[in-house]
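> model the following, please.
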Amino acid sequence: MSSSATAQLIVTISQYIMIDVGFFVLFMGMIGNTISIVVLHKLRLFRGNPSVFYFTIESIGNLAQLLINYPTRIMMDGFTIDYTNISVVWCKIRAFLAPVLTLISIYTVCCASFDQYLSTHHQTYLRQKCTLSLAKYLTFTTIFFIILHGIPFIILFDLPSLMVCTTYNTIFSRYYSSVYYPVVQGALPMIIASSFSLLAFLNVRRVIRQRIRIVRRRLDRQLTAMVLARATCLVALILPYTLYRIYILNITVNQDQQVLLAINNNLFQSVTITLFYVNYAANFYIFMGTSSRYRHQVKHVIVKKFWLPFKHWLCVQLKCANEHRVAPEGTPSYESSIELE
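Numbers count the residues shown, from 1 in each chain. Sure thing, here's the model as predicted:
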């Protein structure tokens with residue numbers, strides 16, 4: 001097989017990865033984030049908890065990322081259809097939305113790790129600072145600065161006569177390639193999330209020796225395990241793309257090396273970008289895999305809050321005679337509110 005045929009085969013495989021795996025990740029991510037938002041909102045045990053507030057904001061940000069940025073990425077790398085090279089308006093809009101939506105979810109995980117570190121600290125005054133008001137303040141302040149950070153992308157990205165949407169400002173181009181990708185989107189959130197989640201894990205091991213209600217103690221353990229697992233997966237999923245960006249910046253490939261060009265520009269990019277977007281689709285499944293109590297809570301919400309009311313409504317519509325029977329004494333009906341730990 002000639003080098004050109006091999007290179008074309010690699011490009012085709014890369015496109016299949018972006019399309020087939022990409023749509024699967026998109027579909028599963030939409031389902032998972034939606035269920036996560038519903039579960040976190042419906043359970044009374046989670047209401048008012050700062051970490052749960054962060055998880056909810058993250059899931060909303062993940063949905064926005066998957067519905068706005070990921071489909072356009074699949075179109076560009078999978079179907080080779082790039083609307084940013086057709087419309088200057090869409091060029092600037094996507095240049096703004098891409099970093100903003102990307103960073104909101106990532107840094108929300110960082111805030112959740114920091115919050116869980118405070119809530120499990122052995123010092124009482126630090127635990128008292130862990131409030132829903134602080135969580136809202138940190139979240140909206142972070143989003144505000146991320147939006148400010150995205151404004152230069154609107155201004156400096158352009159679509160000139162070359163018909164390629166990119167930044168033509170030398171200074172901003174250096175920042176974009178050498179600071180934004182490896183640091184702002186890569187190393188910085190990975191360090192923050194992993195450090196504080198690990199410290200929270202160490203803190204929660206001391207909880208047994210503290211005079212804390214058993215319900216609060218179990219909730220702290222559950223949320224710490226969820227935060228630690230989420231931070232670990234965040235590092236594992238965005239690290240490959242960060243290393244790929246650093247690798248691309250520091251390697252020079254001749255244009256006649258078609259196979260190596262196809263591997264670098266297509267295969268590596270498709271695999272690392274897909275892993276990167278898995279980060280926005282996997283939070284619900286991470287929680288399900290690491291917390292048996294969360295699995296029980298999800299089952300409770302789905303069955304008690306949705307399935308049984310739907311079954312009742314269906315029976316009413318069908319004039320089911322069993323709906324008029326009185327439930328046996330001591331047997332809780334679907335309408336009873338069960339407070340799960």
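
> every contact and neighbour count from this point should use C-alpha atoms.
Fine.

> list the contacts of Ile192.
Listed by CA atoms under 8 Å, 6 or more residues apart in numbering, the contact partners of Ile192 are Cys110, Ser113.

> dihedrals phi and psi, it?
Backbone torsions of Ile192, given as degrees, to the nearest 10, read phi -60, psi -50.

> what about it, distance to Thr12?
As judged by CA to CA, to the nearest Å, Ile192 and Thr12 stand 38 Å apart.

> low-confidence ranges, the chain, go.
Residues of the chain that meet the criterion pLDDT under 70 lie in 1, 162, 207-216, 319-341.

> next, name the residue at the spatial heart of it.
In the chain, the C-alpha nearest the mean C-alpha coordinate belongs to Tyr280, at 3.0 Å (CA atoms, centre = their mean).

> just give the nearest non-adjacent residue to that residue, would you?
Distances taken as CA to CA, 6 or more residues apart in numbering put Asn62 closest to Tyr280, at 5.0 Å, once the chain neighbours are dropped.

> from the contact counts, what lies against the helix or strand hosting Ile60?
Take DSSP states H and E as the rule and Ile60 turns out to sit in helix 50-64. Helix 50-64 makes packing contacts with helix 22-42, helix 88-119, helix 132-156 when contacts are defined by 3 or more CA pairs under 8 Å, 6 or more residues apart in numbering; DSSP states H and E.

> is the nearest residue to Gln255 once chain neighbours are set aside within a helix or a strand, and which one?
The shortest distance from Gln255 to any residue other than its chain neighbours is 7.3 Å, reached at Leu261 (CA to CA, 6+ apart). If you go by DSSP H and E, Leu261 is part of helix 258-262.

> could you identify the helix or strand that succeeds that helix?
Of the helices and strands lying after helix 258-262 in sequence (DSSP H and E), the nearest is helix 268-278.

> now that next one against helix 22-42, angle please.
Helix 268-278 runs at 20 degrees relative to helix 22-42, counting by axes from the mean of the first three to the mean of the last three CA atoms, to 10 degrees.

> got the contact list for helix 268-278?
Helix 268-278 is contacted by residues 14-15, 17-18, 21-22, 25, 29, 66, 70, 77, 237-238, 240-241, 244 when judged by CA under 8 Å, 6+ apart.

> got it, and stretch 7-15?
By CA under 8 Å, 6+ apart, stretch 7-15 touches 77-79, 258-263, 266-267, 270-271.

> in that stretch, which residues are buried?
Ala7, Ile10, Val11, Thr12, Ile13, Ser14, Gln15 (16 or more other CA atoms under 10 Å).

> report the separation between the closest residue to Cys91 other than its chain neighbours and Tyr294.
Nearest in space to Cys91, with sequence neighbours left out and distances taken as CA to CA, 6+ apart, is Thr84 at 4.2 Å. From Thr84 across to Tyr294, the span is 41 Å (CA to CA).

> same question, Cys110
Look at Cys110 and Tyr294: by CA to CA, they are 21 Å apart.

> more crowded one of those two?
Neighbours per residue (other CA atoms under 10 Å) separate Cys110 from Tyr294, with Cys110 holding more: 27 against 21.

> picking that back up, what's the helix holding Ile60 in contact with?
The contact list for helix 50-64 (CA under 8 Å, 6+ apart) reads 29-30, 33-34, 36-37, 40-41, 46, 101, 104-106, 108-109, 111-112, 115-116, 130-132, 135, 139, 223, 280-281, 283.

> out of those, which are buried?
Among the contacts of helix 50-64, the ones that count as buried by 16+ other CA under 10 Å are 29-30, 33-34, 36-37, 40-41, 46, 101, 104-106, 108-109, 111-112, 115-116, 130-132, 135, 139, 223, 280-281, 283.
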